[in-house]
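A.B. asks: Here is a sequence with its predicted model. Questions after.
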Amino acid sequence: MPSTSTRSGVLLCIALCAVTAAPRAHAQATSPTDRIPIQIGWDQKIAMRDGVRLSAVIYRDPRQTKPVPAIVTMTPYMAESATNMGLYFAQHGYVFIAVDARGRGNSEGAFVPGRVEAQDGYDVIEWAARQPWCDGQVATRGGSWGGFTQWSIAKEFPPHLKTMVPTASVHPGVDYPQRAGIFGAYMLRWLTYVHGRTLNDGLFDADKLWQNASWQQVSSGKAFQDLEDIVGIKGTVFRTWLAHPREDAYWQAITPRPEHYAKIQIPILTITGHYDDDQLGALTYYERHMAYGAKDVIARHWLVIGPWDHSGTRTPKEMFGGLHFGPSSVMSMEELHVAWYDHVLKGGPVPAFLKDRVTCFIAGRNTWIHASDLKQIEGAALKLELDLAGAAAGDVTHSGRLLPQPPATRAQVTLTADPRFLPPREDIDAEVPEYTDQRAAYSNLPSQIVWHSAAFGAETILAGRPRLQLELAVDQPDADLFAKLYEVLPNGDAVLLTDAAVRLRYRGGGIAGAPMVPGRPEHVSFPAMDFFARAIGKGSRLRLVVNAGPRSLTVQRNTHTGGDLTSEPLAKARIARITVMTGPGSGSVLELPRPDETLVPRMAEPARR
């Protein structure tokens, strides 16, 4: 999915050879293969089982006299957008087939996101395998919605699908269109982008249009579902999706279930990033396959977690959002794909970059490590106990402490959350470095509390998905809490590491919500924060910010009444008071996983950002 904002939220034997083994960056000299002429089959119609015809653009090297494997990508973003990929793979020994999803571009039928990809993908793959230019082996590729598309096809088990490379994969019902049960206005924006037969780029790129619509929804006290009326865009599945805030049967029907993972037989290469908006989706597919797949099959499922945002998983960059990861973070994803396809489909070696089944970048060190299991990277946790003694809500200068041992005494702070709070408009309109912006910590809001650790006495590498637990009580049946974790450098700059959110009605997980009992303390576990891997430098501190009111304008507000958050007008919202408690017996703790020491040899600490 295209993304224009931070996620509703955020890896690697180290040696120079690990860097040099990475596929080359795009800036390298032109390869002789770039000069191979390619023949294009434009608007080739492929009949589906129900008679609907999908449109494909087929890229072939006309000099190929023998059948070769085919690579398929099926997209709602127009087959023509895959031109560069088509040329590249056709110049490297494959037939590339870019297909407009049903109802999109030149394809017939109607596009219903999530409901048309699986069987159509099966039919396209089996059609491709029968063509005289294909040797019967078909692979898939694609990112974001294209990652979901591959997983939805895989659960249909097309006989000629031999491998797939899902990248930054959306997992409907898990990380999109809602996360932790919390929707974002981005959902309507994306549905507008893919509505009809063409890409509505102008509407999608109109930042002010969407900011103004969200501002109007909140300031006027309207219900979240009224965004549709405010913008004036009708006919999408916006309200249908709003009726499913958890991973219920509606979403389960379009993604693999345990029995599907158990039957998958193909090698898989999963790619995601520290700051990938759909990292949660990608890792959910991966871990469910690890849990339910056959042992010999999951041994052929490889994972790459790089220092990238959502688009960077397709086109890695050294810098984005105020962060700098160095040249070792940049690679040619096309080269990695070709090496993977050559390995699976042509009997070639495992790509040199993939030295073990999990390949992960360590920021700060700006290098890669490799492990046989993700659990080796997410090793024994560093536990930091939360202490609120001397802390005050909304005051970063009177913060709580993150301690290596439990605090001696109990303490508490009460946060006040107003669902109708509007941040200053200049904050919304400002362009800031997304991952190094510190305004949230210094916003002086009564809805938030800040904790700091002591300065680290030595470089400490953290890698994995932190877990935050709080003892708290609320005076209303429901509320939301948002947590962000930063590294604060010795010079005072801060780098966002990861984040998470919990909607308290869903604090127990599962599909059905349960209201809080007003005033009764409970031990609440946040969903796991996003995966990150970073060497926290000597002299740096950690900063944890917990906010009971989102600063983001586009996040669905909680009315705190326990009512339906889709249809209940924000005008009926109540102010909530959330009391956070720390000290003996509270269980308020932050757990920070660390990689196995054998994965990370000692090295001189580099310059940092």
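C.D. replies: Cool, the structure landed.
A.B. asks: What average pLDDT does stretch 31-47 get?
C.D. replies: Averaged across stretch 31-47, pLDDT comes to 91.
A.B. asks: So for that stretch, what gets flagged as buried?
C.D. replies: Under the neighbour-count criterion of 16 or more other Cβ atoms under 10 Å, stretch 31-47 has 36, 38, 44, 46 buried. Backbone N, C-alpha and C define where each C-beta goes, glycine included.
A.B. asks: what about that stretch, distance to the chain center?
C.D. replies: Here the centre of stretch 31-47 is set off from its chain's centre by 32 Å, with Cα atoms, centre = their mean, to the nearest Å.
A.B. asks: Kindly check the end-to-end length of it for me.
C.D. replies: 37 Å (Cα to Cα, to the nearest Å).
A.B. asks: Grab the most central residue of the chain for me.
C.D. replies: D278 (1.8 Å; Cα atoms, centre = their mean).
A.B. asks: where's it relative to F148, distance?
C.D. replies: For D278, the distance to F148 (Cβ to Cβ, to the nearest Å) stands at 9 Å.
A.B. asks: overlap in contacts of those two?
C.D. replies: With contacts defined as Cβ atoms under 8 Å, 6 or more residues apart in numbering, the residues shared by D278 and F148 are 169-171.
A.B. asks: out of those, which is most surrounded?
C.D. replies: Counting neighbours by other Cβ atoms under 10 Å, S169 comes out on top of the shared contacts of D278 and F148 with 31 neighbours.
A.B. asks: Please identify the helix or strand for the residue nearest to that residue when sequence neighbours are not counted.
C.D. replies: Spatial nearest neighbour of S169, chain neighbours left out: G147 (2.7 Å); criterion: Cβ to Cβ, 6 or more residues apart in numbering. Using DSSP states H and E, G147 sits within helix 145-154.
A.B. asks: got the contact list for the residue nearest to A389 when sequence neighbours are not counted?
C.D. replies: The shortest distance from A389 to any non-neighbouring residue, by Cβ to Cβ, 6+ apart, is to A411 (4.4 Å). With contact set as Cβ under 8 Å, 6+ apart, A411 has these partners: 387-391, 400, 581-583.
A.B. asks: from the buried residues of stretch 31-47, which is closest to D596?
C.D. replies: I36 (44.6 Å; Cβ to Cβ).
A.B. asks: shouldn't the closest one be in contact with G93?
C.D. replies: No: I36 lies out of contact with G93 (Cβ atoms under 8 Å); the separation is 9.8 Å.
A.B. asks: Could you export stretch 393-406 as CSV, CA atoms only?
C.D. replies: Provided in CSV are the C-alpha atoms of stretch 393-406 (Å, rounded to 0.1, in the frame of the first residue of the first chain):
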residue,chain,number,x,y,z
ALA,A,393,1.8,14.3,33.5
GLY,A,394,2.8,16.4,30.5
ASP,A,395,6.2,17.4,31.8
VAL,A,396,9.3,15.9,30.2
THR,A,397,11.4,17.6,32.8
HIS,A,398,9.6,15.7,35.6
SER,A,399,9.8,12.3,34.0
GLY,A,400,9.6,8.9,35.5
ARG,A,401,12.5,6.5,35.6
LEU,A,402,13.3,3.2,33.8
LEU,A,403,15.2,1.2,36.3
PRO,A,404,17.1,-2.1,36.2
GLN,A,405,15.5,-3.1,39.5
PRO,A,406,12.0,-2.7,41.0
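A.B. asks: what does it contact?
C.D. replies: So stretch 393-406 is contacted by 383-392, 407, 411, 413-416, 441-454, 542-544, 582-584, 590 (Cβ under 8 Å, 6+ apart).
A.B. asks: Would you indicate which residues of it are buried?
C.D. replies: Buried-residue list, stretch 393-406, by 16+ other Cβ under 10 Å: 393-396, 399-403, 406.
A.B. asks: Need the max-distance pair from those residues.
C.D. replies: Greatest spacing in the buried residues of stretch 393-406, by Cβ to Cβ: G394 and P406 (25.6 Å).
A.B. asks: circling back to that earlier point, which of the contacts of A411 lies closest to L199?
C.D. replies: G400 (47.2 Å).
A.B. asks: mind checking how far the closest one is from A454?
C.D. replies: G400 is 13 Å from A454, by Cβ to Cβ.
A.B. asks: In the protein, what helix or strand scores lowest on average pLDDT?
C.D. replies: Sorting the helices and strands of the chain by mean pLDDT, DSSP states H and E puts helix 16-20 at the bottom, at a mean of 31.
A.B. asks: Run through who's touching the next helix or strand after that helix.
C.D. replies: Next along the chain after helix 16-20, taking DSSP H and E as the criterion, comes strand 39-47. Contact with strand 39-47 is made by 53-62, 86, 99, 106, 123-124, 127, as judged by Cβ under 8 Å, 6+ apart.
A.B. asks: Of those, which is the nearest to I362?
C.D. replies: G86 (34.7 Å).
A.B. asks: Can I take it that the closest one is in a strand?
C.D. replies: No: under DSSP: H, G, I helix; E, B strand; the rest coil, G86 falls outside any strand and is assigned helix.
A.B. asks: residue contacts, it?
C.D. replies: By Cβ under 8 Å, 6+ apart, the residues touching G86 are 38, 40, 57, 59, 96, 98.
A.B. asks: from those, which two are the most distant?
C.D. replies: Those two in the contacts of G86 that are separated most widely, counting by Cβ to Cβ, are I38 and A98, at 12.7 Å.
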